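Novice: quick one, fold the following:
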Amino acid sequence: MLTFPALLVCIKLFIFLSNDIYLPAVMDIMADLDIPENWLHYSLTAWFLGAASSQLLIAPLCERFGRRPILLGGGLLFVISSLACANAATAIGLMIARFFQGVSVSIVNNTSCATIHESYERHEAISLSAWMSGITVLAPLLGPLIGVWLLHFVSWRVLFLGLALGSSICLVFLYWYMPETNQHGKAKALSLRIIGLQYYNIVTNKQFMQYSMPAAMLMGGIIAWLSAGPFLIHDVYDLNQEAFGWAQIFICLSYTLATRLLHKDNYDQWIALGKGVLLFSSVLFLCLPRFDVNHVVSLIVLMVAYNFAGGLCFTLMQRFALESSQENMDSRVAILSTCSRGVSALSSAVVALLYNQTLGSFTCLMGGLALLAGLMMRSKSI
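Specialist: So this is what the prediction gives:
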């Protein structure tokens, strides 16, 4: 069974690289397709809109056909949409391809999440999810550096071709090793009334939403950085995209380090620490532009702190949300992911609309997200 999580890590690396590996190429894409800067922000928004808009459809499809064929189909859609990105001739074509990339990512992520949480007990599921999260965070860590290095030799289009090839190889192995954990899926017909009732019960479950929304806010901040970071590095600090790649190493390692702590059983302690870090960093984010700090290190330190808190709390909040409802696991994951992807799409859209090549236009958003996540964070008796 451990072969399956290992393969999930591999394919999730490729699907999340679809956001990170092309970040150093934003200037090349702008020149090649003759599009303004804000369109590149919107390409990230399109990705998250695709992910958010498809969430509620995944659960009933898994119920009807089983998780295995849905995950494999999502992986195939990722391959096709990556090939479409590589061959995009216009900004609109790139947006559409990115939208379907987002759809495919949500399919793979939701089905794998439901499989893990239904197959393992709480501590094992948290540890395994934290391990997978810590490894897949290598995508934003390695993606920009790999992209910078490859762009010395190939065009940005080849980056998407590489994603298609790598994910295709993972799909072949998943075809042989992925188990079907939804044993009754093929026996059930789709019922819109039952599905709608399940979603209603989850959304109106106060405890579920109290755990899912802090996780969504945490993810929104991470995505806001990925959306604005490459431009901040260039516009505010006059550094190249390689500097963004190196900054990602420290930021992502802080997240990975935090997930390693979750193998210990003091979950309330880690949530309290994460909450404190978020509230303190929110104040610093809001004050940073007033300090007139011209060195990039100050911003990177704050992003390191934010991601450390995210590594401590994100997996725990998601697990506690899933435990707070007795509805179908796929439906729970669908609502949980809709919250996360929806806030992420909104965050990237806010960056696209409000970013004006100043530090304050970014740190105000980060400060607000950190403050909301910290205020909403709550522990749970183990």
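Novice: hey, where'd the strands end up in this protein?
Specialist: Shown for the chain, no strands are assigned by DSSP state E.
Novice: quick one: pLDDT of the spatially closest residue to Glu242 that is not a sequence neighbour?
Specialist: Once flanking residues are discounted, Glu242 sits nearest to Val148: 4.9 Å by Cβ to Cβ, 6 or more residues apart in numbering. In short, each C-beta sits where N, CA and C put it, glycine included. Val148 carries a pLDDT score of 80 in this model.
Novice: repeat for Thr363
Specialist: Here the pLDDT value assigned to Thr363 is 92.
Novice: does it touch Arg290 like I think?
Specialist: No. With contacts counted by Cβ atoms under 8 Å, Thr363 stays clear of Arg290, the gap being 9.8 Å.
Novice: shaky segments in the stretch 251-382 of the chain?
Specialist: 263-265, 292-294, 380-382 (pLDDT under 70).
Novice: where's Ile21 relative to Gln210, distance?
Specialist: Using Cβ to Cβ, to the nearest Å, one obtains 35 Å as the distance from Ile21 to Gln210.
Novice: can you check Ser227 too?
Specialist: In terms of Cβ to Cβ, Ser227 sits 27 Å off from Gln210.
Novice: Ile21 and Gln210 - which one has more neighbours?
Specialist: A count of neighbours by other Cβ atoms under 10 Å puts Ile21 above the other of Ile21 and Gln210, at 26 against 17.
Novice: isn't the more buried one up against Trp149?
Specialist: No. With contacts counted by Cβ under 8 Å, Ile21 stays clear of Trp149, the gap being 10.3 Å.
Novice: where exactly do the helices run in the stretch 101-250 of the chain?
Specialist: For the stretch 101-250 of the chain, applying DSSP state H, counting those that start in this stretch gives helices covering 122-136, 138-150, 156-177, 192-203, 206-235, 241-261.
Novice: excluding chain neighbours, what is closest to Val304?
Specialist: Using Cβ to Cβ, 6+ apart and skipping residues adjacent in sequence, the residue nearest Val304 is Ser254, 4.4 Å away.
Novice: returning to what we had before: of the helices of the stretch 101-250 of the chain, which is nearest Ala321?
Specialist: The closest of these to Ala321 is helix 206-235. By Cβ to Cβ, the value is 3.7 Å.
Novice: specify the angle between the closest one and helix 192-203 in degrees.
Specialist: Following axes from the mean of the first three to the mean of the last three Cα atoms, to 10 degrees, one obtains 80 degrees for the angle between helix 206-235 and helix 192-203.
Novice: next, the buried residues of helix 206-235.
Specialist: Neighbour-count burial for helix 206-235 flags 208-235 (criterion: 16 or more other Cβ atoms under 10 Å).
Novice: same for that helix, what does it pack against?
Specialist: Applying 3 or more Cβ pairs under 8 Å, 6 or more residues apart in numbering; DSSP states H and E, we find helix 206-235 packed against helix 26-33, helix 37-53, helix 138-150, helix 241-261, helix 296-323, helix 329-354, helix 360-376.
Novice: for the shortest one, buried residues please.
Specialist: When burial is assessed from 16+ other Cβ under 10 Å, helix 26-33 yields the following buried residues: Val26, Met27, Asp28, Ile29, Leu33.
Novice: burial measure for Asp238, as a count.
Specialist: 10.
Novice: report the contact partners of it.
Specialist: Residues near Asp238 by Cβ atoms under 8 Å, 6 or more residues apart in numbering: none.
Novice: for it, grab phi and psi.
Specialist: Main-chain dihedrals, Asp238, degrees, to the nearest 10: phi 60, psi 40.
Novice: gap between it and Phe231?
Specialist: 12 Å.
Novice: likewise for Ile126?
Specialist: Ile126 is 36 Å from Phe231, by Cβ to Cβ.
Novice: show the model's pLDDT score for the most centrally placed residue in the chain.
Specialist: The C-alpha lying nearest the average C-alpha coordinate of the chain belongs to Met219 (Cα atoms, centre = their mean; 6.4 Å). Predicted confidence (pLDDT) at Met219: the value is 91.
Novice: got the contact list for the residue nearest to it when sequence neighbours are not counted?
Specialist: Among residues not flanking Met219 along the chain, Ser340 sits closest, at 4.8 Å (Cβ to Cβ, 6+ apart). Contacts for Ser340 (Cβ under 8 Å, 6+ apart) come out as Ser212, Ala215, Ala216, Met219.
Novice: which one of these is nearest Gly162?
Specialist: Distances from Gly162 to these, taken by Cβ to Cβ, are shortest for Met219, at 25.5 Å.
Novice: surely Leu302 meets Phe285?
Specialist: Yes. Using Cβ under 8 Å, Leu302 makes contact with Phe285 at a distance of 5.9 Å.
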